[in-house]
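Trainee: The following block contains a protein sequence and its predicted model.
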Amino acid sequence: MKKDYIFDLDGTLADTLPDIRDAVNGALVAVGREGTLSLEDVRKMIGRGARNLARLALGGSPGEEELSSFMREYMPRYRDFQGRTTKPFPGMEEALLSLKGRGARLFVCTNKPHELAVSILKKIFPGGLFDDVQGHVEGRPPKPDPWLLDALFERNGIKKEGALFVGDSLPDKETADIYGLPLVLCLWGYGNYDSSLLRGASRIIRSPEGLLDPI
């Protein structure tokens, strides 16, 4: 059994999409755009960090001034709105507690800003389930850039032979591939589950209980 489980956050551990959608639409209105994006619209934008989401929300190729204006409106809303409706996916907390009971260490590697990731995890998973968290830091590239996993591995003595990555999207597969980690792919998340993503997974699970199967 693998001992170190590294989780993505948005779309893997927790359903954060409604709060993100509301923050995006609020920021669009604030910069003079229509704030009418649907959950499905925003779902397709999640996975490669806040600035990439902002570009997509503004049509894909905004000018730097417009992008900066949007980010000034979006980030406070992003922080304030997270937790309004965000909650763990059904069965996730129970599965994580079972893994901990078997001696597993649990980590989070996410493109959500680091302080926000730490805050939201404490709120929705009380009790210190996670051994360490690494979120995005302003000025650094988002995953799949390896620095996020580098930080987790170095701080915690993680060995790739005993670790796996749990995620829902192509950036998670790319992150796992860089380190040669098995990918457990969650089908309840926000990823675009095309054939290349499905083929690249070591295991595909349809509910958190699948995490308890050995790999």
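Mentor: Nice, thanks for sending it over. Numbers count the residues shown, from 1 in each chain.

Trainee: which strand of this structure spans the most residues?
Mentor: When the chain is parsed with DSSP state E, its longest strand is strand 105-113.

Trainee: which helices and strands sit right next to the following helix or strand past it?
Mentor: Counting by DSSP states H and E, the next helix or strand C-terminal to strand 105-113 is helix 114-124. For helix 114-124, the elements it packs on are strand 105-113, strand 132-136, judged by 3 or more C-beta pairs under 8 Å, 6 or more residues apart in numbering; DSSP states H and E. Where C-beta positions appear, they are placed from N, C-alpha and C, glycine not excepted.

Trainee: just checking, what packs against the shortest one?
Mentor: Using 3+ C-beta pairs under 8 Å, 6+ apart, the elements in contact with strand 132-136 are strand 105-113, helix 114-124, helix 147-156.

Trainee: Then the longest one?
Mentor: The helices and strands touching strand 105-113, judged by 3+ C-beta pairs under 8 Å, 6+ apart, are strand 4-7, helix 64-81, helix 92-101, helix 114-124, strand 132-136, helix 147-156.

Trainee: CSV for those, including distance to Leu185?
Mentor: As requested, the helices and strands packed on strand 105-113 are arranged in CSV below (distance: least, C-beta to C-beta, whole Å):
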stretch, distance to Leu185
strand 4-7, 12
helix 64-81, 26
helix 92-101, 15
helix 114-124, 21
strand 132-136, 20
helix 147-156, 17
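
Trainee: And the ones you listed: which comes nearest Ala54?
Mentor: The closest approach between Ala54 and any of these, judged by C-beta to C-beta, belongs to helix 64-81 at 5.1 Å.

Trainee: Perfect, that will be all.
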